[in-house]
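Chemist: pasting the structure only:
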Ligand code: PXP
């Protein structure tokens, strides 16, 4: 008989609702309305990122979402003292510490856990004393997991961006994916090897983190095509997905887009 596999939770990142609102600088669409739809459609968590430049989610959005959410709220933020002071006052269920660069389009890589060790240590202490769970968004390496454990984080979120990019290069018909392959000058076989390596790195680091007692999430670039091999990794218990769900919702509606992803996130 097979053992029952641990459930995998879906966190829906609704920053993109605020991106659309900011395109017009008005109050529509309201991320708070997205929260209600996602929760009703089966999302287990809402994820938002309060960026230093406030390019999408504002303090007021975070405040209203945290105050009224029927599901857990995971607030992504930089390891900046001013932001951490605001996050502490907002009091989300969890804070996920992410690297932040002003010029980036989206979070480009995991935290430099070694380089920012002392800052992360102090930030985790501050969040713990405010009784906020801490997660570190890290690249899938054993070293980053060991450091996260040593730092006393409760969660790690493994960056799946490299895997997602390679998956798109291998399977997507989009022209820019093919330009990327041309730039890397990879054969189809080499691309397959890289994709396997990227997936193995996620699998191995998830298992290692789990064996150390860390809770393991994953996210970035996951979509309706590439999510299944990640769902199959038992030691990952949560996925945070934004872009692909909101993109699909334009055509199918948010409730249906969340339900469809939730169906894929079953074991
Ligand atoms: N997890 C983290 C830590 C992120 O920064 C993001 C992007 O904001 C996501 C998950 C979701 O990524 P995507 O929008 O590509 O699904």
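Modeler: Perfect, I can see it now. This structure is a prediction, so every number in the text was calculated from the model and none was measured. Numbering: from 1, shown residues only.
Chemist: Residue 91 versus residue 66, what's the distance?
Modeler: 7 Å (C-beta to C-beta, to the nearest Å). C-betas here are computed from N, CA, C, even on glycine.
Chemist: Any regions of the stretch 101-250 of the chain where pLDDT drops low?
Modeler: 102-107, 173-183 (pLDDT under 70).
Chemist: List, one by one, the residues from it near the ligand.
Modeler: 106-107, 137, 157, 219-222, 240-244 (C-beta under 6 Å from any ligand atom).
Chemist: For PyMOL, what selects the buried ones among the residues you listed?
Modeler: In PyMOL syntax, the buried subset of these is picked out as below (16 or more other C-beta atoms under 10 Å):
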select buried, resi 107+137+157+219+220+221+222+240+241+242+243+244
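Chemist: Can you add distance to residue 261 and secondary structure and give the residues of the stretch 101-250 of the chain next to the ligand back as TSV?
Modeler: Putting those into TSV (distance: C-beta to C-beta, whole Å; DSSP: H, G, I helix; E, B strand; the rest coil) gives the following:
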residue	distance to residue 261	secondary structure
106	18	coil
107	20	coil
137	20	strand
157	17	strand
219	12	strand
220	15	coil
221	14	coil
222	9	coil
240	11	strand
241	6	strand
242	11	coil
243	12	helix
244	8	helix
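Chemist: So which of residue 66 and residue 91 has more stuff around it?
Modeler: Neighbours per residue (other C-beta atoms under 10 Å) separate residue 66 from residue 91, with residue 66 holding more: 18 against 15.
Chemist: Pull up the per-residue confidence for that one.
Modeler: Note for residue 66: predicted pLDDT of 98.
Chemist: Check the one 5 residues further on too.
Modeler: You'll see residue 71 listed with a pLDDT of 98.
Chemist: could you measure it against residue 10, distance?
Modeler: For residue 71 relative to residue 10 (C-beta to C-beta), the value is 10 Å.
Chemist: Neighbour count for those two, which is higher?
Modeler: residue 10 (25 against 18).
Chemist: quick one on the thing from earlier: most widely separated two among the residues of the stretch 101-250 of the chain next to the ligand?
Modeler: 137 and 244 (18.0 Å; C-beta to C-beta).
Chemist: Quick check: residue 43 vs residue 14, distance?
Modeler: 9 Å.
Chemist: typo on my end, it should be residue 156
Modeler: Taken as C-beta to C-beta, the span from residue 156 to residue 14 is 22 Å.
Chemist: Who has more neighbours out of these two?
Modeler: residue 156 (32 against 29).
Chemist: for the record, mean pLDDT for the host helix or strand of residue 257?
Modeler: Using DSSP states H and E, residue 257 sits in helix 254-264. Mean pLDDT, helix 254-264: 98.
Chemist: Using the three-state scheme, assign residue 70.
Modeler: What DSSP: H, G, I helix; E, B strand; the rest coil gives for residue 70 is coil.
Chemist: please renumber so the chain begins at 878
Modeler: From this message on, residue numbering opens at 878, which makes the last subject residue 947.
Chemist: Quick check, pLDDT for the spatially closest residue to it that is not a sequence neighbour.
Modeler: Leaving aside its chain neighbours, residue 947 sits nearest to residue 916 (5.1 Å; criterion: C-beta to C-beta, 6 or more residues apart in numbering). The score at residue 916 is 98. That number is its pLDDT.
Chemist: For residue 916, grab phi and psi.
Modeler: Main-chain torsions, residue 916, degrees, to the nearest 10: phi -60, psi -40.
Chemist: That one and residue 993: what is the separation?
Modeler: Following C-beta to C-beta, the distance that separates residue 916 from residue 993 is 34 Å.
Chemist: and if you look at residue 905?
Modeler: In terms of C-beta to C-beta, residue 905 sits 38 Å off from residue 993.
Chemist: Compare those two (neighbour count), which wins?
Modeler: residue 993 (16 against 9).
Chemist: pretty sure the more buried one contacts residue 956?
Modeler: Yes: if you go by C-beta atoms under 8 Å, residue 993 and residue 956 touch, sitting 6.1 Å apart.
Chemist: where along the stretch 1028-1144 of the chain do the strands fall?
Modeler: Using DSSP state E, counting those that start in this stretch, the strands of the stretch 1028-1144 of the chain run over 1032-1036, 1092-1096, 1115-1118.
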